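S.K.: no sequence for this one, just the structure:
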């Protein structure tokens, strides 16, 4: 699926019952990319400090940080800095499996760069979550 114009469905998240702007509205692309850059840069810094920069160590650090922060505070370091969090579409707790599944799909990359009209990456669609503003 590809991104469609907002005018076809109103705004991203409308079909999901989310507001157009403000808290619980769908986090837009610029904010998501900036959060990913913060998370990756953090992983690179740790990799440089402890592993003299190793690509696999960087990926492992990135994945571990994603899982730990999603399990504990519903968002990565970048998400938290930029005022976002990951929530299940149906509400409630993310559970134990969603952070692991979401991280695995994010590390594969392809599901994360395919998104729908609600601007949800395929990794979020597959596990029933959405990245929203806090």
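M.R.: Nice, thanks for sending it over. Note that the structure is a prediction, hence the values are computed from the model and not measured.

S.K.: and for stretch 63-72, what's in contact with it?
M.R.: Under the criterion Cβ atoms under 8 Å, 6 or more residues apart in numbering, residues 39, 42-43, 75-77, 79-80, 86, 94, 96, 98-100, 102-104, 106-107 lie in contact with stretch 63-72. C-betas here are computed from N, CA, C, even on glycine.

S.K.: kindly provide the distance from residue 66 to residue 123.
M.R.: Residue 66 is 11 Å from residue 123, where distance means Cβ to Cβ, to the nearest Å.

S.K.: OK, contacts around the nearest residue to residue 131 once chain neighbours are set aside?
M.R.: Residue nearest to residue 131 in three dimensions, not counting chain neighbours: residue 27, with 4.5 Å by Cβ to Cβ, 6 or more residues apart in numbering. Residues near residue 27 by Cβ under 8 Å, 6+ apart: 82, 84, 119, 131, 132, 133.

S.K.: which neighbours do residue 66 and residue 123 have in common?
M.R.: 102, 106.
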